[in-house]
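Chemist: Turn this into a model:
(2 chains)
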Protein chains: 2
Amino acid sequence: MSAPTNLTINGARLWESLMELAKIGATEKGGVCRLTLTDLDKKARDLFAGWCKAAGATVSVDRMGNVFARREGRDPARPPVMTGSHIDTQPTGGKFDGAYGVMAGLEVLRTLHETGVETDAPIEVAVWTNEEGARFAPAMMGSGVFTGIFNEDEIKAKTDRDGVAFGDALEKIGYAGSLPCGGRKVGAFFECHIEQGPILEAAGKTIGVVTGGQAQRWYEVDLIGAESHAGTTPMERRRDALLGAARIIDMVNHIGLTHMPLARATCGVIESHPQSRNTVPGRVFLTVEFRHPDEAELSIMDKTFRAQAARIAGEIGLALDVKEIWHFPATPFHADCIAAVREAAKTRGYPHRDIISGAGHDALYLARVAPTAMIFVPCADGISHNEIESAKPEDLAAGCQVLLDAMLRRAYEVK
Amino acid sequence: MSAPTNLTINGARLWESLMELAKIGATEKGGVCRLTLTDLDKKARDLFAGWCKAAGATVSVDRMGNVFARREGRDPARPPVMTGSHIDTQPTGGKFDGAYGVMAGLEVLRTLHETGVETDAPIEVAVWTNEEGARFAPAMMGSGVFTGIFNEDEIKAKTDRDGVAFGDALEKIGYAGSLPCGGRKVGAFFECHIEQGPILEAAGKTIGVVTGGQAQRWYEVDLIGAESHAGTTPMERRRDALLGAARIIDMVNHIGLTHMPLARATCGVIESHPQSRNTVPGRVFLTVEFRHPDEAELSIMDKTFRAQAARIAGEIGLALDVKEIWHFPATPFHADCIAAVREAAKTRGYPHRDIISGAGHDALYLARVAPTAMIFVPCADGISHNEIESAKPEDLAAGCQVLLDAMLRRAYEVK
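Modeler: Residues are numbered from 1 along each chain as shown, chains lettered A, B, ... in the order given. Below is the predicted model of the structure:
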């Protein structure tokens, strides 16, 4: 069999479901606060499961609380073509981050159900537990255990700020399932998501064909100079740690600019001591992070950064300590899945462009065990993790249509 | 009469007195913690007063607790030639900051007493209350009220962190005197002090002929950009407030370098928001201060700073607010007093150079009401406000000798 190409998702139904889901944990400012493994999370999971069952799917839960709604394929032995995202939110989150990817999956199930289309491979829609990491750190726990990146027992022992263990919270809402987490083959994974950045909107594109995730290197920088009196210490005798930090911040930015458009270079945290108006700062702590989808480029950025930081510190007479605290590898998505997304956008006539995922997503972990791609749609002003997060119904519908088309295509290709 | 030129101070006695005084509030690390208006301050005042009486002086206390040890002149109607400093310290202060100026004055009294020299004008040694400002802010309260810069009642109402009022603390240690504070003529004022900077030591000079105090302009700078995701926001779309602050810090330093050797330019405090490793900072608060002995130069620095800050903010798309929160005028000392110090150093054969006071001193307030100059001696590595503060006995003796010679000269000149 080959994939049907005449199926159309119901954009209005998708929007209604998103708005219905957003009522659970709705905030006064129009956002959503639905922290993972709370009663609100349970309520949202129950709503999703009910909707899926009504659309003819079978719902199961694994030991990490990941929920899978499965529509059987003609050949149940084939690995499923899966989509999914998360329904937990930031404390002051929006209606679309995560929820869109899950509701888009639901809309795929509903479209297949009402048209009676039978795919070769099974179709699954996953809700991954605790993507946000807002209540329990780290983020992306459910997909992380599923893909073997995290150890299940270690993750279950993690506690929130009130000392509640993840495992206990999971039991309490009744979503500690019996299925093993992971260890099964996934034929393909797709995730719809709002971009959470400004690129698509600025370029006037409806669909972002996500070709992969950035590699990241995170650093902690300590600069030690000498505290001295701002009035009595001549300029040429200073060892001003804040001046060193300032030059490093500008240099880090310059590295980002040099490797445009794909590079990101950011200093996010600065702590200067002793924080006295009339004392030359003697000590500064600074965080630096670089991102680039190409490991080789990132490596050049790393080398430039280290050499320039050493030069700057040397010029001012500062002791310098640069620690790389994290290196997340580049995550190129699968050519077949990317092509399925791109072709769908093209066929449907949606303005589209390739894009790199700047943020973390469950799909970045799934990509380690399954052919994966993502579909981005624009969000207003690129704003996310914010109650004013906003996206257009027509863009969300377009992304969902591309998801359906890409999943259908893969559902006849994967063996 | 003309001034005797054959009097020699006793350097060993000066050193012994300094070491004796340093026992009151001595810290384990060799420093002194003797906060103003504490029992330790009272003990130090009592010791000083006793020593002065033993040297034939009359001790009186004004309503601000300023202590004056007076050796009468041949003509009591003449305004006194005064010296003095303070005996309160920073919480982790040294043995010499302030204490040297007071003990040098005591040594002048003792030398005059043992030689029986009678000066035309009276000689006075003052202990100014709360120079440091460590317990009660602002600093230099005693000399500030004496010279009419501060209002006595307002100052007495100031409280420390425990809510104790200055006036009550003064009463408690028994140093709320009955003399009016200020309102009387001072013929000349001299203050010996360690440099608290590295210039004399580096130049191999024993005596700093202090020609005045710097003018200062202090600013608060607010930069407002936009918080955004470090992974999803392209470099060219960022409005990074920390990048703006970094360029301003480097620019402020450059202004200092451009106006060397007398200029000082410092950014002492930085607060960046939201202090998240993977968020582009949206808001930064920064303090800036410029110092220069020449108001015209300082005015050029001010104009350059404002123009460059506006340019930097504009380039990054930041909102900028620059507030000048303090402008302390330049304090040129009196030509006659400066000459008296310079001549004494020259006559005695001490290596000397002119120098500007970078720090605040009681003499800077006295200069508003009386002909004033200061005498600096080197301190090790320019370090002060620190328990390891250190100075050489021979340098301290030289400074005291210059003080005696200069005071004597003025004690026959002032009418």
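
Chemist: Tell me where the stretch 301-415 of chain A has helices.
Modeler: Under the criterion DSSP state H, counting those that start in this stretch, the stretch 301-415 of chain A contains helices at A:335-347, A:362-366, A:393-413.

Chemist: right, and the ones you listed - which one's nearest B:Cys400?
Modeler: Ranking the helices of the stretch 301-415 of chain A by their distance to B:Cys400 (criterion: C-beta to C-beta) puts helix A:362-366 first, at 73.0 Å. C-beta: built from backbone N, CA, C; applies to glycine.

Chemist: and that closest one, is it in reach of chain B?
Modeler: No. For a cut-off given as C-beta under 8 Å from any C-beta of the partner chain, helix A:362-366 has no contacts with chain B; the smallest distance is 11.1 Å.

Chemist: Stretch A:81-89 now?
Modeler: No. Counting by C-beta under 8 Å from any C-beta, no contacts exist between stretch A:81-89 and chain B, the nearest distance being 15.7 Å.

Chemist: quick one: average confidence on that stretch?
Modeler: The average pLDDT within stretch A:81-89 is 98.

Chemist: How far does it sit from its chain's centre?
Modeler: Offset of stretch A:81-89 from its chain centre (C-alpha atoms, centre = their mean, to the nearest Å): 11 Å.

Chemist: now stretch A:338-357
Modeler: Going by C-alpha atoms, centre = their mean, the spacing between the C-alpha centre of stretch A:338-357 and its chain's C-alpha centre is 19 Å.

Chemist: So which bits of that stretch are buried?
Modeler: Of all the residues in stretch A:338-357, those buried under the rule 16 or more other C-beta atoms under 10 Å in any protein chain shown are A:338, A:340-342, A:344-345, A:348, A:350, A:352-353, A:355-357.

Chemist: Burial-wise, tell me which of the helices of the stretch 301-415 of chain A comes out on top.
Modeler: Of the helices of the stretch 301-415 of chain A, the one with the most neighbours on average (mean count of other C-beta atoms under 10 Å in any protein chain shown) is helix A:362-366, at a mean of 28.

Chemist: Show me what from the stretch 301-415 of chain A comes close to chain B.
Modeler: Near chain B, when you scan the stretch 301-415 of chain A using C-beta under 8 Å from any C-beta, you find A:357-360, A:382, A:384-385.

Chemist: Max pairwise distance over these: which two?
Modeler: Largest separation among those by C-beta to C-beta: A:Gly360 and A:Gly382, giving 16.3 Å.

Chemist: So the two - more neighbours on which side?
Modeler: A:Gly382 (24 against 21; other C-beta atoms under 10 Å in any protein chain shown).

Chemist: these two touch, right, the more buried one and A:Glu195?
Modeler: Yes. Using C-beta atoms under 8 Å, A:Gly382 is in contact with A:Glu195, at 6.8 Å.

Chemist: overlap in contacts of those two?
Modeler: Residues touching both A:Gly382 and A:Glu195 (C-beta atoms under 8 Å, 6 or more residues apart in numbering or on different chains) are A:201, B:232.

Chemist: want to throw the helices of the stretch 301-415 of chain A into a markdown table with distance to B:Ala22?
Modeler: Below are these laid out as a markdown table (distance: least, C-beta to C-beta, whole Å):
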| stretch | distance to B:Ala22 |
| --- | --- |
| helix A:335-347 | 76 |
| helix A:362-366 | 64 |
| helix A:393-413 | 75 |
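
Chemist: can I get these in a markdown table with mean pLDDT?
Modeler: Listed next are the helices of the stretch 301-415 of chain A as a markdown table, based on pLDDT from 0 to 100:
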| stretch | mean pLDDT |
| --- | --- |
| helix A:335-347 | 98 |
| helix A:362-366 | 97 |
| helix A:393-413 | 96 |
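
Chemist: Mind checking those helices for the one nearest to A:Gln216?
Modeler: Using C-beta to C-beta, the nearest of the helices of the stretch 301-415 of chain A to A:Gln216 is helix A:362-366, at 10.6 Å.

Chemist: Check which helices and strands that closest one sits against.
Modeler: Contact partners of helix A:362-366 among helices and strands, from 3 or more C-beta pairs under 8 Å, 6 or more residues apart in numbering or on different chains; DSSP states H and E: strand A:81-85, helix A:141-146, strand A:188-194, strand A:207-213, strand A:372-377.

Chemist: Indicate which one of these is closest to B:Gly31.
Modeler: Nearest to B:Gly31, of all those, is helix A:141-146, at 52.1 Å by C-beta to C-beta.

Chemist: Check which helices and strands the closest one is in contact with.
Modeler: helix A:152-156, helix A:362-366.

Chemist: Output the set of residues of the stretch 51-200 of chain A in proximity to chain B.
Modeler: Residues of the stretch 51-200 of chain A lying near chain B (C-beta under 8 Å from any C-beta): A:195-199.

Chemist: Count the residues that sit near A:Asn6.
Modeler: With other C-beta under 10 Å as criterion, A:Asn6 counts 6.

Chemist: dump the residue contacts of the residue lying closest to A:Glu220 once chain neighbours are set aside.
Modeler: In this structure, A:Glu220 finds its nearest non-sequential neighbour in A:Lys323, 4.7 Å apart by C-beta to C-beta, 6 or more residues apart in numbering or on different chains. A:Lys323 sits next to A:219-221 when contact means C-beta under 8 Å, 6+ apart.

Chemist: What ranges does the stretch 51-200 of chain A have for its strands?
Modeler: Assigned by DSSP state E, counting those that start in this stretch, the stretch 51-200 of chain A shows strands spanning A:58-61, A:67-71, A:81-85, A:123-127, A:188-194.

Chemist: closest one to B:Ala296 among those?
Modeler: In terms of C-beta to C-beta, the element of these nearest to B:Ala296 is strand A:188-194, at 57.2 Å.

Chemist: Would you pull up how far stretch A:182-191 lies from the middle of the chain?
Modeler: Taking mean C-alpha positions (C-alpha atoms, centre = their mean), stretch A:182-191 and its chain are 17 Å apart.

Chemist: brain fart, stretch A:135-146
Modeler: Going by C-alpha atoms, centre = their mean, where stretch A:135-146 is centred and where its chain is centred differ by 12 Å.

Chemist: Touching that stretch from outside, list them.
Modeler: Contacts for stretch A:135-146 (C-beta under 8 Å, 6+ apart): A:35-38, A:62, A:64-66, A:86, A:88, A:128-133, A:150-152, A:155, A:158-160, A:166, A:169, A:181-182, A:360-362, A:364-366, A:369.

Chemist: Count the neighbours of the residue in the stretch 251-400 of chain A that chain B sits nearest to for me.
Modeler: Residue nearest to chain B within the stretch 251-400 of chain A (C-beta to the nearest C-beta): A:Gly358, separated by 3.3 Å. Neighbours of A:Gly358 under the rule other C-beta under 10 Å: 24.

Chemist: picking up where we left off before, columns neighbour count and pLDDT on top of the residues of the stretch 51-200 of chain A next to chain B, output as CSV?
Modeler: Conversion of those to CSV gives the following (neighbours: other C-beta atoms under 10 Å in any protein chain shown; pLDDT from 0 to 100):
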residue, neighbour count, pLDDT
A:Glu195, 25, 97
A:Gln196, 25, 95
A:Gly197, 28, 93
A:Pro198, 20, 93
A:Ile199, 21, 94
